[in-house]
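Q: Structure, please.
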Amino acid sequence: MPVQLLAKEEATRTATTPLYRGYAFDLDGTLYLGDDLIEGADAVVAALRESGARVVFVTNKPLETAEAYAAKLTKLGIPAVAEDVISALDALTLYLADRHPGARVLAVGEPVLIDSLRRAGFTVTENPAETDVVVVSFDRTFDYDKLTRAYQAVNAGAVIVATNPDPYCPTPDGGLPDCAAMLAAIEACTGGRAEAIVGKPSVHMANAFLHRLGVPADQAVMVGDRLLTDVAMGLNAGMASALVMSGATTNDHLAASTIHPTHVLDDVRGLIAA
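A: Residues are numbered from 1 along each chain as shown. As a prediction, this is how the structure comes out:
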């Protein structure tokens with residue numbers, strides 16, 4: 001489904017937005033920056049929950065478990081449990097269970113990815129000849145050996161599945177190369193293309209968190225700081241979208257984009273009445 005385009009005037013910055021039954025929040029750049037809570041984010045989530053709205057947290061970053069993200073949110077003043085968090089790893093294991101049940105997986109990623117795959121019942125192998133699926137993720141330990149094994153596995157017939165399309169991960173000191181960089185290296189040497197990229201803005205991620213929200217898409221809103229992932233996914237899934245200007249998107253990015261959010265807010269405090 002193509003990205004829904006809204007008239008530019010509909011995306012003018014607003015002080016408040018309507019109340020929805022379900023809210024899906026991106027994390028970094030939306031509720032916090034690095035290890036610091038964005039001012040007022042804790043009060044906003046508390047107020048939405050008190051209103052009866054359902055709240056979940058959605059992240060493309062596949063470097064931590066849902067339990068770790070929930071613990072970080074709780075420490076910052078937003079109480080959360082693992083079931084409140086949906087990451088690209090959740091979308092990945094759901095996709096593989098549906099499309100490649102019982103697959104033998106070669107994982108280009110960090111230990112949390114491998115642990116997630118094993119907990120979901122997949123066999124993780126380092127032997128390219130025994131590989132059905134090469135899973136590519138954000139990997140700060142990526143090296144030539146991993147690239148070579150992925151190259152050999154794809155040339156032997158394995159398909160490629162990636163966790164997220166992000167070229168870089170924002171950090172307080174300028175960012176780190178993200179999954180798209182590892183994927184580009186593997187695609188370049190093999191000539192192959194990923195069968196699926198399951199994180200935001202894919203339908204696989206949207207389905208995962210809408211199921212967790214338990215409300216119809218047209219009664220939910222995706223709240224995030226990125227046009228190409230958060231906003232595009234919400235619109236493609238039939239949700240409303242709220243872009244917050246507290247993270248990756250600048251005014252120039254917004255003005256030049258063909259993807260138009262339902263709401264544009266300075267930060268998440270615009271989600272509730274002053």
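Q: any chance you could map the helices in the stretch 51-200 of the chain?
A: Taking DSSP state H, counting those that start in this stretch, the helices of the stretch 51-200 of the chain run over residues 66-75, 88-99, 111-119, 144-155, 179-190.
Q: what sits up against the second one?
A: Just to be clear, that refers to helix 88-99. The contact list for helix 88-99 (CB atoms under 8 Å, 6 or more residues apart in numbering) reads 59-62, 65-66, 103, 105, 112-113, 116-117, 120-122, 133, 135, 137, 161, 163-164, 195-196, 198-200, 202, 204-205, 207-208. The C-beta positions use only the backbone N, C-alpha and C, and glycine is treated the same way.
Q: for the helices of the stretch 51-200 of the chain, which one sits closest to residue 249?
A: For residue 249, the closest of those is helix 179-190, at 17.7 Å, according to CB to CB.
Q: Show me where the stretch 101-250 of the chain has its strands.
A: 104-108, 123-124, 133-136, 159-162, 168-169, 176-177, 196-197, 220-224, 240-244 (DSSP state E, counting those that start in this stretch).
Q: packing partners for the first one?
A: Meaning strand 104-108. Counting contacts by 3 or more CB pairs under 8 Å, 6 or more residues apart in numbering; DSSP states H and E, strand 104-108 is packed against helix 111-119, strand 123-124, strand 133-136, helix 144-155.
Q: Tell me the buried residues in the third one?
A: For strand 133-136, the buried set under the neighbour-count rule, 16 or more other CB atoms under 10 Å, comprises 133, 134, 135, 136.
Q: What's opposite the last one in the beta bridge?
A: Looking back up the chat, that one is residue 136. For residue 136, the beta-bridge partners are residue 108, residue 162 (DSSP bridges).
Q: residues contacting it?
A: Neighbouring residues of residue 136 by CB under 8 Å, 6+ apart: 108, 109, 150, 160, 161, 162, 163, 179, 182, 183, 186, 194.
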